[in-house]
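1. Just to be clear, the model below is a prediction. Sequence and coordinates:
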Amino acid sequence: LDNNDTFQKWFVDHGGWMVPSLKLEKTEEYGNVLKLTKSERDIRIISHKDRMIEIPLNIVFTKEKASKKLKSIVSTQSYLKVLEVIQKHLPNDLLEQQDTWIAIDLMLECSKGVNSLWYPYLQALSPRQQRLSSFNEKEYDFLQDGSLASFGRSQRRAYNSMWNEGLRECLKEAANYLSPEASTSCLTLDNFHHYVALVASRAMILNHVSDNPIKYLTPMADMINHDDSQQQQQQQQEESLQHSDDSSHFHRYHQYQQESQSIVVYADRPFAVGDVIVEEYGKLDNSLYLTVFGFIPQNNPNHCVMLPLPFHNNHGGADEECIRRDGTVLHNNNNIELEKALALHLLSPTANICNTKEECWSHPDRKRILQSYWSSAAQRKLDKSPTTLHDDEALLKNLLQDSSSSGNDDAGDPSSSSSSSLLWRGMNRDHARMALAFRIEEKKV
């Protein structure tokens, strides 16, 4: 059995259930994926809303479990130090705090090697998970987005500080308690970054207990990749007529079952034999996909670009807003009021065609004039960019060709003297690909 077959058998042996014809397969582009294959039961399709996977809570990772485990095996002083540094460096981010705790648990299980209950699962995970906080300085500059680069640097500093101020020593103490032969190779700063990124990208968020969302790292369900196909977008539009809260879409297909003490995943679209199982992670712009999940979706309808407002914003936001392809505002909590103010600002000086926000909002020229303003603002931003869309697409093609020929994911190989390799020197190729993909999708919008 290979790692995926071993993991799939482990999952079933420990109480997990999945559609019998689902199989975990390794792909060149996406790593491990779940695929619908023809089985002995001859299941040819999975229909919309069918139950696909059920994960018992006894093999699920949570912050609560991780905290209790660590508290039981280290000194009170060490445990309180971990609590202190996590709260100090992630004071207002409860989700990142949960990521950190689950990452600690994964590192300890990794240190047990084959003695870990989760060993088959750990072997099936990505060998190196990337996200914005793992970029270096050259890669941040290559991103061409100062705000995102600043956020990534801040994240990286926070995790480095947590590691140096208490996590490193506490994990060594925990590993020694678990086994004198525990592997210290799992307990490194690089692995800490890796596991935090892995948890952030894979753990699902459910709100079944209270207003405080809980993260669950769910073996097998976390192998499902993201896709927001045209079929899925149409389906969402139909469902939005029945559900006023679009953010609840994910939770309709991922449910905590109190009675069976499990988490159940349902199909958010139909699948046929040969299809890779995918789902929509959420209506997010590419900045969040990059910072949280470590990838950039193509032609994301929810991506937006930061553009300046033509006036000072008095509606609770900054003087620039994130604007989608259709010219609508994404992030502001008072979208309608802001867009009414925009309409008044842009239309009232034009031949005095309207005098109040309500008049300008209902004017037939509103959408055309607003779109014209955003288009001009976008063009000014493009003109300031050091590269064009064509430049970025050519760079990405060059990078993919160079990576394919060299077979080396580390673009900083000092022994290579080719002109293409010199271009990427000092950058990890995965990071360079992510940065270029972000730049391309940004310029498209």
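-> Now that the structure is in, tell me what you want to look at. Numbering: from 1, shown residues only.

2. any chance you could map the helices in the stretch 301-445 of the chain?
-> In chain order, the stretch 301-445 of the chain shows helices spanning 335-347, 357-362, 366-384, 389-406, 419-424, 429-444, with DSSP state H, counting those that start in this stretch as the criterion.

3. Quick check: phi and psi on residue 310?
-> In terms of degrees, to the nearest 10, the main-chain angles of residue 310 are phi -80, psi 10.

4. just residue 33 next, same as before
-> Note on residue 33: backbone dihedrals following degrees, to the nearest 10 are phi -130, psi 160.

5. Not counting sequence-adjacent ones, nearest residue to it?
-> The shortest distance from residue 33 to any residue other than its chain neighbours is 4.9 Å, reached at residue 276 (Cβ to Cβ, 6 or more residues apart in numbering). Any C-beta I mention is one placed from the backbone N, CA and C, and that applies to glycine too.

6. With residue 14 instead?
-> Here the residue nearest residue 14, using Cβ to Cβ, 6+ apart, is residue 59, at 5.2 Å.

7. hang on, the one you found packs against residue 12?
-> No: counting by Cβ atoms under 8 Å, residue 59 does not reach residue 12; the two are 11.1 Å apart.

8. Please say which of those two ends up with more neighbours.
-> The neighbour count for residue 59 versus residue 12, taken as other Cβ atoms under 10 Å, is higher for residue 59 (19 against 12).

9. Grab the nearest non-local neighbour of residue 382.
-> Nearest non-adjacent residue to residue 382, counting by Cβ to Cβ, 6+ apart: residue 443, 6.6 Å away.

10. neighbouring contacts of stretch 149-165?
-> Stretch 149-165 is contacted by residues 81, 85-86, 88-90, 100, 132-135, 140-141, 143, 189, 192-193, 196, 291 when judged by Cβ atoms under 8 Å, 6 or more residues apart in numbering.

11. now the strands for the stretch 1-150 of the chain?
-> Per DSSP state E, counting those that start in this stretch, the stretch 1-150 of the chain has strands spanning 17-18, 22-27, 31-36, 45-46, 51-56. These are given in chain order.

12. Show me which residues of the last one are buried.
-> The neighbour-count criterion (16 or more other Cβ atoms under 10 Å) identifies 52, 53, 54, 55, 56 as the buried residues of strand 51-56.

13. Ok, the second one next?
-> Counting neighbours by 16+ other Cβ under 10 Å, one finds that the buried residues in strand 22-27 are 22, 23, 24.

14. quick one, that strand and strand 31-36 angle?
-> Orientation note: strand 22-27 sits at an angle of 150 degrees relative to strand 31-36 (axes from the mean of the first three to the mean of the last three Cα atoms, to 10 degrees).

15. sorry, back to before: identify, from the buried residues of strand 51-56, the entry nearest to residue 372.
-> Using Cβ to Cβ, residue 52 is the member of these that lies nearest residue 372, at 46.2 Å.

16. after the helix or strand of the chain with the lowest mean pLDDT comes which helix or strand?
-> Using mean pLDDT, DSSP states H and E, helix 230-240 stands out as the lowest-scoring helix or strand of the chain, at a mean of 51. The C-terminal neighbour of helix 230-240 among helices and strands, as given by DSSP states H and E, is helix 249-252.

17. Quick check: mean pLDDT of stretch 274-286?
-> Taken as a whole, stretch 274-286 carries a mean pLDDT of 90.

18. With stretch 380-395 instead?
-> 96.

19. Residue ranges in the stretch 201-350 of the chain under the pLDDT threshold?
-> Across the stretch 201-350 of the chain, the stretches falling below the confidence threshold (pLDDT under 70) are 208-210, 229-248, 312-318, 331-335, 349-350.

20. same thing but at 80, please
-> Low-confidence regions of the stretch 201-350 of the chain, defined by pLDDT under 80, span residues 207-211, 228-249, 311-319, 328-340, 342, 347-350.

21. sorry, back to before: adding distance to residue 263, write the strands of the stretch 1-150 of the chain out as a markdown table.
-> Written out in a markdown table, the entries for the strands of the stretch 1-150 of the chain read as follows (distance: least, Cβ to Cβ, whole Å):
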| stretch | distance to residue 263 |
| --- | --- |
| strand 17-18 | 11 |
| strand 22-27 | 16 |
| strand 31-36 | 16 |
| strand 45-46 | 18 |
| strand 51-56 | 5 |
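
22. Rebuild the ones you listed as TSV, extending it with mean pLDDT.
-> Supplementary listing: the strands of the stretch 1-150 of the chain in TSV, determined by pLDDT from 0 to 100:
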stretch	mean pLDDT
strand 17-18	96
strand 22-27	92
strand 31-36	92
strand 45-46	90
strand 51-56	97
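
23. if I look at the spatially most central residue of the chain, how far off is residue 131?
-> When the chain is reduced to its mean C-alpha position, the closest residue under Cα atoms, centre = their mean turns out to be residue 293, at 1.9 Å. Residue 293 is 7 Å from residue 131, where distance means Cβ to Cβ, to the nearest Å.

24. Sweet, I'm off.
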